[in-house]
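Colleague: structure for this input, please:
(chains A, B, C and D)
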2 protein chains.
Amino acid sequence: MDKRLVEPDEGVPIADRDVLRPSPLPLYQQVKRHLVQRVLAGEWKPGQSLPSEQKLAQEYKLSQGTVRKAIEEMAQEGLVSRQAGRGTFVTSHSGNYEPFRFHRLFDNEGRRIATDAVSFVRVEDRSINARAAAGLQLDPGAPSTECLRLRHLDDQPVLVEKIVLNARLTPDIAPILSREEPPSIYQLLERDYNLLVTRVVERVRARGAAGEEARLLGLAEGTPVLEVERIAYSLGGAPVEWRIMVGETSKIHYLHSSG
Amino acid sequence: MDKRLVEPDEGVPIADRDVLRPSPLPLYQQVKRHLVQRVLAGEWKPGQSLPSEQKLAQEYKLSQGTVRKAIEEMAQEGLVSRQAGRGTFVTSHSGNYEPFRFHRLFDNEGRRIATDAVSFVRVEDRSINARAAAGLQLDPGAPSTECLRLRHLDDQPVLVEKIVLNARLTPDIAPILSREEPPSIYQLLERDYNLLVTRVVERVRARGAAGEEARLLGLAEGTPVLEVERIAYSLGGAPVEWRIMVGETSKIHYLHSSG
DNA sequence: CAGTGGTCTAGACCACATC
DNA sequence: ATGTGGTCTAGACCACTGA
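Modeller: Alright, predicted model coming up:
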């Protein structure tokens, strides 16, 4: 039976339903939005399971189908993953669901540049550089944490990364980075700051190697290098990280499949 | 009522249903597969509308919801697009649905490199070059059509494209390319060969400009340039085109959003 | 065994397009 | 006024998981 027949507008129940009422948005979108908030608030931690569709349908006083559609969209966006017979689980970068899914750099044998040795050259708090400020939508001079690291492949340096974090979103992260030297920044953002990176925008350019990066990579000045400039957005759309990766492309390339 | 109650297994009807029966695949997947075939066979041409959900449900003797799920997946994959109140339409590269969706090169003002002046330097039938052969999964020496063209931006040459097509899939395309000089090869593949490009894989590298491309772009030998190597696959998964694009990246960059 | 998500049905109302 | 896709309901059976 159609809900609108049963509850014309006022026989309305429950607190949760109040949250969902006034908007003209479809119910399943409202449910999705609400569930996403609850996941972000940590009500269910990464790896844990959400309540079953039945339970959620009862809680929101909606049909199972409506809740299902909300959860299906969340699954499609990678926030949760579903397993028939088991349940719906909050995905995690730290879990083994899709580690390194944003790493699009590969070596010539098709191996992903991700799990290799990383050395941290420098980690410091400083006022943000102009280019990163533009990317992170911050005023020039805003506080930031900047991190320079170097990836190796077969003991050869292949990639320099400069990573800039908005210090207002990730306060006191510098000592953590220095101490732990984590292979994945995004794991750390999720674990310590509840920031889930869901989307990145990358710009790829070619240019000649220069200055410190040339030295770190062991290249002559002017050698053609690939530059990947990345802005990472957290769930909700706030830019949390600006990153630039530079590597010589006799050894590595950027790979993208689409369709 | 559940269909399985009404039709245990043998009260089964209709030719279409026979096609869909023996497999263990969900019904909506079978419907999807069948509809995709019908679109590819040209039963509904790009821009035209499919029958309504109701009609298709009757035709397949299934519920509207099942047909809907099939069509929704097709829409998600971009084969059709849906408009409430109007219908479901076969998408087209020539139509205005998603033109140039594979073009990921932009200038520094954020404009897509796509609609600009194109000049054809050369179009010829020849035996395939080694690199394209590997990409297209062909034997070295297989017949191919090779096309070299140059894109301009504000009257400056910015991008050299070498395009190689598998002559077995696209016979006699050379004269068409020479005559029409189309801005989009994929429109032509769809119109004249019923090949719908649905997926591309791109590898991006940096290197020094060399030989003919340096001359065409007006660059000194060794100037860093961006090289995008693309393999385009048609619906069904056959590689139909290998393409290499080379440009100086003081003027252009490769952009990719993900998540 | 009970519980979960996955599939399928049948029917309702809605907003929107078109004529 | 008619027809379209978009939303929502209520209930069925299934395959799979885990205790």
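Colleague: just read off the phi/psi values of A:Ser184.
Modeller: When read as degrees, to the nearest 10, the backbone of A:Ser184 gives phi -120, psi 120.
Colleague: what of A:Val201?
Modeller: Backbone phi and psi, for A:Val201 under degrees, to the nearest 10, turn out to be phi -120, psi 130.
Colleague: that one and DNA strand C, how far apart?
Modeller: If you measure A:Val201 against DNA strand C using CB to the nearest atom of the strand, to the nearest Å, the figure is 30 Å. (Glycine included, C-beta is placed from N, CA and C.)
Colleague: residue contacts, that residue?
Modeller: A:230-231, A:233, B:255-258 (CB atoms under 8 Å, 6 or more residues apart in numbering or on different chains).
Colleague: and of those residues, the nearest to DNA strand C?
Modeller: B:Ser258 (23.3 Å; CB to the nearest atom of the strand).
Colleague: what about the stretch 151-259 of chain A, any weak spots by pLDDT?
Modeller: A:236, A:259 (pLDDT under 70).
Colleague: ranges for the strands of it?
Modeller: A:156-166, A:197-208, A:224-234, A:239-248, A:252-258 (DSSP state E, counting those that start in this stretch).
Colleague: which stretch among those comes nearest A:Asp125?
Modeller: Closest to A:Asp125 of the strands of the stretch 151-259 of chain A is strand A:156-166 (CB to CB; 9.8 Å).
Colleague: what packs against that closest one?
Modeller: strand A:143-153, helix A:211-217, strand A:239-248 (3 or more CB pairs under 8 Å, 6 or more residues apart in numbering or on different chains; DSSP states H and E).
Colleague: centre of the chain to the last one, how far?
Modeller: Centroid separation for strand A:239-248 versus its chain: 14 Å, with CA atoms, centre = their mean, to the nearest Å.
Colleague: out of the helices and strands packed on strand A:156-166, which one sits most buried?
Modeller: Most buried of those, by mean neighbour count (mean count of other CB atoms under 10 Å in any protein chain shown): strand A:239-248, with a mean of 23.
Colleague: what lines up beside that strand in the sheet?
Modeller: Strand pairing for strand A:239-248, determined by DSSP bridges: strand A:156-166 (antiparallel), strand A:224-234 (antiparallel).
Colleague: quick check: angle from the last one to strand B:197-208?
Modeller: Using axes from the mean of the first three to the mean of the last three CA atoms, to 10 degrees, the direction of strand A:224-234 lies 130 degrees away from that of strand B:197-208.
Colleague: export the strands of the stretch 151-259 of chain A to CSV and append columns for distance to DNA strand D.
Modeller: As requested, the strands of the stretch 151-259 of chain A are exported to CSV (distance: least, CB to the nearest atom of the strand, whole Å):
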stretch, distance to DNA strand D
strand A:156-166, 34
strand A:197-208, 21
strand A:224-234, 24
strand A:239-248, 29
strand A:252-258, 23
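Colleague: nearest to B:Leu148, of these?
Modeller: Of all the strands of the stretch 151-259 of chain A, strand A:197-208 sits nearest to B:Leu148, with 20.4 Å by CB to CB.
Colleague: what lines up beside the closest one in the sheet?
Modeller: Strand A:197-208 has these strand partners (DSSP bridges): strand A:224-234 (antiparallel), strand B:252-258 (antiparallel).
Colleague: and the last one with strand B:143-153, angle?
Modeller: With the same axes, to 10 degrees as the basis, strand B:252-258 and strand B:143-153 are set at 100 degrees to each other.
Colleague: touching chain B at all, stretch A:29-47?
Modeller: No - using CB under 8 Å from any CB of the partner chain, stretch A:29-47 stays clear of chain B, coming no nearer than 14.1 Å.
Colleague: could you list the buried residues of that stretch?
Modeller: Within stretch A:29-47, the residues that qualify as buried are A:30-32, A:34-36, A:39-40, A:44, A:46, counting by 16 or more other CB atoms under 10 Å in any protein chain shown.
Colleague: export it as PDB, just CAs?
Modeller: Extracted C-alpha coordinates of stretch A:29-47, given in PDB (Å, rounded to 0.1, in the frame of the first residue of the first chain):
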ATOM      1  CA  GLN A  29      17.900  10.200  -0.600                       C
ATOM      2  CA  GLN A  30      17.000  11.500   2.800                       C
ATOM      3  CA  VAL A  31      17.700   8.200   4.400                       C
ATOM      4  CA  LYS A  32      21.000   7.900   2.500                       C
ATOM      5  CA  ARG A  33      22.000  11.300   3.700                       C
ATOM      6  CA  HIS A  34      21.100  10.500   7.300                       C
ATOM      7  CA  LEU A  35      22.900   7.100   7.200                       C
ATOM      8  CA  VAL A  36      26.100   8.800   5.700                       C
ATOM      9  CA  GLN A  37      26.100  11.200   8.600                       C
ATOM     10  CA  ARG A  38      25.700   8.400  11.100                       C
ATOM     11  CA  VAL A  39      28.600   6.600   9.500                       C
ATOM     12  CA  LEU A  40      30.800   9.700   9.500                       C
ATOM     13  CA  ALA A  41      29.800  10.400  13.100                       C
ATOM     14  CA  GLY A  42      31.300   7.000  13.900                       C
ATOM     15  CA  GLU A  43      28.100   5.200  15.000                       C
ATOM     16  CA  TRP A  44      29.400   2.200  13.100                       C
ATOM     17  CA  LYS A  45      33.200   2.000  12.700                       C
ATOM     18  CA  PRO A  46      35.000   0.800   9.500                       C
ATOM     19  CA  GLY A  47      34.700  -2.900   9.300                       C
END
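Colleague: for it, give the mean pLDDT please.
Modeller: Stretch A:29-47 comes out with an average pLDDT of 87.
Colleague: what's across from A:Glu229 in the sheet?
Modeller: A:Arg203, A:Ile244.
Colleague: quick one: name the residues of the stretch 101-250 of chain A near chain B.
Modeller: A:102, A:104, A:197-208, A:222, A:224-227, A:233, A:248-250.
Colleague: now the buried members of these.
Modeller: For these, buried by 16+ other CB under 10 Å: A:102, A:104, A:197-208, A:224-227, A:233, A:248-249.
Colleague: hang on, the earlier thing: which ones among the buried residues of stretch A:29-47 are found in helices?
Modeller: A:30-32, A:34-36, A:39-40 (DSSP state H).
Colleague: which residue is it, in the stretch 1-150 of chain A, that comes closest to chain B?
Modeller: Closest residue of the stretch 1-150 of chain A to chain B, CB to the nearest CB: A:Phe102 (6.8 Å).
Colleague: name the helix or strand for that residue, please.
Modeller: Per DSSP states H and E, A:Phe102 falls between elements, in no helix or strand.
Colleague: tell me the pLDDT of it.
Modeller: Looking at A:Phe102, the pLDDT reads 81.
Colleague: domain assignment for chain A?
Modeller: A:3-90, A:105-254 (automatic domain parsing).
Colleague: chain center to the first one: distance?
Modeller: Relative to its parent chain, domain A:3-90 has a centroid offset of 23 Å by CA atoms, centre = their mean.
Colleague: doesn't A:Gln30 make contact with A:Glu73?
Modeller: No - applying CB atoms under 8 Å, one finds A:Glu73 not in contact with A:Gln30, separated by 12.0 Å.
Colleague: in the sheet, who's paired with the spatially most central residue of chain A?
Modeller: Centroid check for chain A by CA atoms, centre = their mean gives A:Val197 as the closest residue, at 1.4 Å. For A:Val197, the beta-bridge partners are A:Ser234 (DSSP bridges).
Colleague: that one contacts A:Pro239, doesn't it?
Modeller: No - A:Val197 lies out of contact with A:Pro239 (CB under 8 Å); the separation is 10.2 Å.
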